[in-house]
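A.B. asks: give me coordinates for this.
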Amino acid sequence: MALTAIAALEDVPENGNRAFAVGDWSVLVCRSSAGVFAVENRCSHQMAALEGGKVKGPNLFCPLHGVRFDLRSGAPSGNLTKKPIIIFPTTVVDGVVHAELP
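C.D. replies: This next block holds a predicted model:
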């Protein structure tokens, strides 16, 4: 995996998210009181985009059906899917969000 600059932290709203195209990936950067996270911008339930879903603490809610995912592990909660979403280890350096992408 390579550490890749994704976006300026200021481009991602607090308690929100924003998707960025990085190579072949759509990377969703999420900010909350629990930290800054990067995940693939695709729900494992119906492959819908996760951008615009509610971010609360370490959780992201799919805007389509409300499936909750733990941003730390990608694990889903509930009965709609048992498949986790892809997460990318994330760091913020000098106000820039970096993620380890394959």
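A.B. asks: and residue 57, what does it touch?
C.D. replies: With contact set as Cβ atoms under 8 Å, 6 or more residues apart in numbering, residue 57 has these partners: 32-34. All C-beta atoms are positioned from the backbone trio N, CA, C, and that covers glycine.
A.B. asks: wait, isn't residue 92 in contact with residue 7?
C.D. replies: No: using Cβ atoms under 8 Å, residue 92 makes no contact with residue 7, being 10.2 Å away.
A.B. asks: the more surrounded of those two?
C.D. replies: A direct count of neighbours by other Cβ atoms under 10 Å for residue 92 and residue 7 places residue 7 higher, at 18 against 15.
A.B. asks: still on that earlier bit, quick one: which of the contacts of residue 57 is most hemmed in?
C.D. replies: Neighbour-wise, these (other Cβ under 10 Å) top out at residue 32, 19 neighbours.
A.B. asks: burial count for the residue nearest to that residue when sequence neighbours are not counted?
C.D. replies: Computed as Cβ to Cβ, 6 or more residues apart in numbering, the closest residue to residue 32 that is not its neighbour in sequence is residue 55, at 4.8 Å. By other Cβ under 10 Å, the residues close to residue 55 number 23.
A.B. asks: same check on residue 91?
C.D. replies: 12.
A.B. asks: tell me if it really is in a helix.
C.D. replies: No: applying DSSP: H, G, I helix; E, B strand; the rest coil, one finds residue 91 to be strand, outside a helix.
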